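Colleague: What would the 3D arrangement of this be:
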Amino acid sequence: MSVAIMQPYFFPYLGYFQLVQAVDDFVFYDDVMFIKKGWINRNQILMQQHAFLFTIPLEKQSQNKSIRESSIAWGAEFPNKWIQQLQSAYKKAPQFVPVMDLVESVLHEKPQSIADLAASSVIKTWEYLGLEKRFHFSSQMAVSKDLERAERLMAITDCLGSKQYINAQNGQELYQKEHFAALGYQLNFLKQALPSYSQGNSSEFIPGLSMLDVLMWNTPGEIKEMLSAYSLI
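Modeller: Coordinates of the predicted model:
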């Protein structure tokens, strides 16, 4: 039994989904502070052979709002303009039709919180790939927010009946295996790999784009192979 805990991102990049693949339970860390100009409501797609940054507009943000408390500014810009950009960018991609259906299913309910929309983009992508996973929200778990950062991650892991916590590779700057081990937990880090794939007429492969790019150019079977291109350290 293993657990990963990560802020919900809207159609995040492949490495995020590799972290989902690596664990039994995945927790959307939605009751922590929203970080402006991060990747929660922003990502990149391939537009005219270049990385194009898009942003989901939010209602006026205060300095102290959590991800769960951050509201989407639904309107003409989003989703209408964004969908048009997506259609223009990928209309010739081989998986365009089923992936646009996936996108429409994510947008359909128009949730107020960016936490719900972002989490839905991950959960529904997982279902699109024909995979199963136990997903959770930290805001719905009986774990105190007053704990220290590492201790709260361990408490959430314990709440799910596990003693193994897996973090993204850059978490090595924040957490020490020895600290987790001293409290009875195994800490591993996921070392990702981003396999290259054909991006239509692009002369040079651009890695690390939104999962939407991976979905547009690859079949579910091909993507499932990419999900296993990682190692635990």
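
Colleague: mind checking the end-to-end distance for stretch 173-180?
Modeller: Across stretch 173-180, the terminal residues are separated by 14 Å (Cα to Cα, to the nearest Å).

Colleague: Quick one: distance of that stretch to the chain centre.
Modeller: How far stretch 173-180 lies from its chain's middle: 23 Å, per Cα atoms, centre = their mean, to the nearest Å.

Colleague: Identify the residues contacting it?
Modeller: Outside of stretch 173-180, the residues within contact range by Cβ atoms under 8 Å, 6 or more residues apart in numbering are Arg149, Ala150, Leu153, Met154, Tyr165, Asn167, Gln186, Leu187. C-beta here means a position set from N, CA and C on the backbone, and glycine is covered the same way.

Colleague: for stretch 138-158, same thing?
Modeller: Taking Cβ under 8 Å, 6+ apart as the rule, stretch 138-158 contacts 3, 5, 27-32, 66, 68, 115, 159, 163-165, 167, 174-175, 179-180, 183, 185.

Colleague: are any of those residues buried, and which?
Modeller: When the contacts of stretch 138-158 are checked for burial by 16 or more other Cβ atoms under 10 Å, the buried set is 3, 5, 27-32, 66, 68, 115, 159, 164-165, 167, 175, 180, 185.

Colleague: Show me these that map onto strands.
Modeller: Within these, residues falling in strands by DSSP state E are Val3, Ile5, Val27, Phe28, Gln164, Tyr165, Asn167.

Colleague: List the ones among the contacts of stretch 173-180 that fall in helices.
Modeller: Using DSSP state H to define helices, the subset of the contacts of stretch 173-180 located there is Arg149, Ala150, Leu153, Met154.

Colleague: Residue ranges in the protein under the pLDDT threshold?
Modeller: For the chain, the stretches flagged by pLDDT under 70 are 61-62.

Colleague: Could I get the full set of helices for it?
Modeller: For the chain, the helices defined by DSSP H cover 14-21, 80-90, 96-107, 114-128, 149-159, 177-182, 211-217, 220-227.

Colleague: Give me whichever of those helices is most buried.
Modeller: Of the helices of the chain, the one with the most neighbours on average (mean count of other Cβ atoms under 10 Å) is helix 211-217, at a mean of 24.

Colleague: and Arg42, which of the helices of the chain is closest to it?
Modeller: helix 114-128 (10.6 Å; Cβ to Cβ).

Colleague: could the ones in helices among the contacts of stretch 173-180 go into a markdown table alongside distance to Ala51?
Modeller: Below are the ones in helices among the contacts of stretch 173-180 laid out as a markdown table (distance: Cβ to Cβ, whole Å):
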| residue | distance to Ala51 |
| --- | --- |
| Arg149 | 31 |
| Ala150 | 34 |
| Leu153 | 31 |
| Met154 | 36 |
